[in-house]
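>>> Everything below, folded, please.
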Amino acid sequence: MSIQLYAFDTPNGRKISVALEEMNLPYEVKFINITKDEQFNPDFLKISPNNKIPAIIDSEGYEGKEISVFESGAILIYLAEKTGKFLPKIGPNRVATFEWLMFQMGGFGPMPGQVHHFLGLSDDADKRYALPRFMKETRRLYGVMDKRLSTHEFFASDLSIADFAMLGWAWRHERHQVDLGDFPNVKRWYESLMSRPAIKRGFSVALK
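Residues are numbered from 1 along each chain as shown. Predicted coordinates for the structure are as follows:
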């Protein structure tokens, strides 16, 4: 049986398609067209109470029982624990994986997401205060990432779900109006990951 992935072509959706490919898990995409408000469908609400993509249904969950999981970070943890991949079982590297996963969930996602929103506005007056603020914070977060990656190949010691989470948003760096040349360690990490065959598949699978 395959996992059902409810997603659309967004950074959070791509986190999960990348992880599923890297973990070599069979899955089937169920499109949720957020441009047409399909995330508010009552059937989707049953598996994603916050009306957000992505979400999954795993028919072979704990003890072989079906389980649904919403929130991209929770999905990544669930899949890592299911497969025993990309999340150390104990020790400092497990802590580091969670630290950088939470960094992405709490910062390097919400902040560039605001940049996406305000860049899309047509009224310059609406952009005047908010857009510079969120762009400045987004660049600051890239700087935090660059410093970490100056001493680490990946965000934890080995490739982990934290990297998959970060990659979904770094993938949109051009939309953030960020030149990765300004953050050479992020650029090295980004290009290395994007060259991986499974990650290429995760980004090429149709999500819309």
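
>>> now residue 19: how far from residue 156?
Plainly put, residue 19 is 15 Å away from residue 156 if you go by C-beta to C-beta, to the nearest Å. All C-beta spots, glycine's among them, are computed from the backbone N, C-alpha and C.

>>> Out of those two, name the residue with the larger neighbour count.
residue 19 (29 against 25; other C-beta atoms under 10 Å).

>>> Who are the contact partners of that one?
Each residue near residue 19 by C-beta atoms under 8 Å, 6 or more residues apart in numbering is listed here: 75, 76, 79, 80, 86, 161, 164, 202.

>>> Output the contacting helices and strands for the helix or strand bottoming out on mean pLDDT in the chain.
Least confident helix or strand, the chain: helix 124-127 with a mean of 83, by mean pLDDT, DSSP states H and E. When contacts are defined as 3 or more C-beta pairs under 8 Å, 6 or more residues apart in numbering; DSSP states H and E, helix 124-127 sits against helix 110-119.

>>> Just the buried positions in the helix it packs on, please.
For helix 110-119, burial by neighbour count (16 or more other C-beta atoms under 10 Å) applies to 111, 112, 113, 114, 115, 118.

>>> Quick check: closest non-adjacent residue to residue 2.
Spatial nearest neighbour of residue 2, chain neighbours left out: residue 26 (3.9 Å); criterion: C-beta to C-beta, 6 or more residues apart in numbering.

>>> my guess is that neighbour contacts residue 4, does it?
No. Under the criterion of C-beta atoms under 8 Å, residue 26 is not in contact with residue 4, lying 10.5 Å apart.

>>> the more surrounded of the two?
Taking other C-beta under 10 Å, residue 26 and residue 4 do not tie; residue 4 has more neighbours (18 against 8).

>>> Sketch out the low-pLDDT regions of the chain for me.
Applying pLDDT under 70 to the chain flags the ranges 1.

>>> Much appreciated, bye for now.
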